[in-house]
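[1] predicted structure and sequence below. I'll ask about it afterward.
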Amino acid sequence: MKKLMLVVMSLALVASLSACAMFDKEPPIISYAQEDYITMPLGSDIDVKAYFDVTDDYTEVPSVVLEGDIDTSKVGEQTVLITAKDDKDNTANSTLTFNIIDEIAPVLTLIGSDEIVIDYNDTYKEPGVEAVDNYDDDLEVNIIGEVDNGTIGSYEITYSTADNAGNETVIHRTVVVKDQTEPVMTLEGDEFISATLADLYVEAGVSAYDEIDGELEVVCYNQYGEVCDKIILNQAGEFVIKYEATDSSGNISEIHRQIIVEPLVESTNDSILFFINSISFDPSDMQMPGIFIMDMTVMNESSRDVRFPPFLSFNQASGREALKMMDSYYSYSPMVDYVYSGETLSGSFEMGYDGDIEDVKTIDLIRFQFSTENSYTTLPYKINVDFDNLVYE
């Protein structure tokens, strides 16, 4: 009996539902997974049906028609019309809008290096930049920054651009104004000079000018590579004097002068030749005011035998005798008395000086007296010895 009642009730329920379906006037329901306005990046992969759902009370799977395409390669709002229909042709319509946006900033690329060095007072020529965007063409680039080529330092140039979506890109370049020019040096006098050993060398001078620093100090280097205030010609041969100037930026310029120093040679009618290899004065001897040191080569081509070393007398420019030699101090090497006829002899000797040290600076002329047993020959020699470099006590 109970089973019969359940069957009757089920049949009644089906009959009731069928009757409702026959009189269904309600359209399907369109619902959205998120909302009906969706923002998506440019170039996204979109499946429209994934963003909505359609249900109906009586139709298990309502039919759905979409009108409109979504092109994610284009920026802007794009709408799809959704039409849903059940088995009784009850219809529902709704729209789903996608807003395609550009979120990628333009790419700026410097033409040339990100650091450019120009010389002082040179004109800076802007290399420019390249601007590329994933969507927009013909981007406008703003360049901000100035370079003062007359002032040493670093300057920043800023480049910026933005696409139509407002995505902005900014990059920078550094421009360095630097003094890269060496000072200009001018050699006064001759570049090539011929001189004789023990000549007083008078420096003609060298000037150095820098565009920024103006006049510069010049440093002189002698033939030995030593910094010098004066050039002493105390050795025969060829050597180069170097002059150097450095500006505040560290640029170094140099110029040279070549000096050819010939050995001293004097000749007389008596065919006595003498070569002065060096002359110096030593004021440091504690036993006397000073000592003359002389190295000499004598070639006796005369018929007489002459005494070595010769007797010397020194004169001032005024002509009067300036120096008094000490007879008690007279040494030489080798220990010989004569240079015989046809003989050549080289040797050095020292002669003590007993007088005013300041008079040493006035030497203008040396007379060499080559004597024999019965007579002597006086050979004058013009000398210019730079004694100013010596220390006088």
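    It's in. All figures in this text were calculated on a predicted structure; none of them were measured in a lab. Numbering: from 1, shown residues only.
[2] contacting residues for the spatially most central residue of the chain?
    Centroid-nearest residue in the chain, with CA atoms, centre = their mean: Gln180, separated by 6.8 Å. Shown in contact with Gln180 (CB atoms under 8 Å, 6 or more residues apart in numbering): Val117, Asp119, Tyr120, Ser249, Asn251. The way it works is simple: take the backbone N, C-alpha and C, and place the C-beta from them, glycine included.
[3] next one: Lys88
    Residues near Lys88 by CB under 8 Å, 6+ apart: Ala21, Asp24, Lys25, Tyr58, Thr59.
[4] CSV for these, including pLDDT and distance to Ala245?
    Listed next are the contacts of Lys88 as CSV, based on pLDDT from 0 to 100; distance: CB to CB, whole Å:
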residue, pLDDT, distance to Ala245
Ala21, 54, 109
Asp24, 71, 107
Lys25, 84, 106
Tyr58, 89, 105
Thr59, 88, 101
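[5] what subset of those residues is buried?
    Using 16 or more other CB atoms under 10 Å as the burial test, these include Asp24, Tyr58, Thr59 as buried.
[6] my read is that Thr161 contacts Asp136, right?
    No: in terms of CB atoms under 8 Å, Thr161 does not count as a neighbour of Asp136; the distance is 9.7 Å.
[7] which one of these two is surrounded by more residues?
    Comparing Thr161 with Asp136 by other CB atoms under 10 Å, the one with more neighbours is Thr161, at 22 against 17.
[8] which ones are touching that one?
    With CB under 8 Å, 6+ apart, Thr161 has these contacts: Pro106, Leu108, Ala131, Leu139, Glu140, Val141, Asn142, Glu168, Thr169.
[9] quick one: pLDDT of the fifth one?
    With respect to pLDDT, Glu140 scores 95.
[10] tally of neighbours for it?
    By the measure other CB under 10 Å, the count of residues near Glu140 is 8.
[11] where does pLDDT dip in the stretch 51-200 of the chain?
    Where the stretch 51-200 of the chain drops to pLDDT under 70, the residues are 197-200.
[12] rerun that using 80 as the cut-off
    Scanning the stretch 51-200 of the chain for pLDDT under 80 picks out the ranges 195-200.
[13] what sits in contact with each of Thr161 and Asp136?
    Shared contacts of Thr161 and Asp136 (CB under 8 Å, 6+ apart): Pro106.
[14] returning to that earlier point: ChimeraX command to pick out the buried ones of the contacts of Gln180?
    To isolate the buried members of the contacts of Gln180 in ChimeraX, using 16+ other CB under 10 Å:
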select :120,249,251
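[15] no further queries at this time; thank you.
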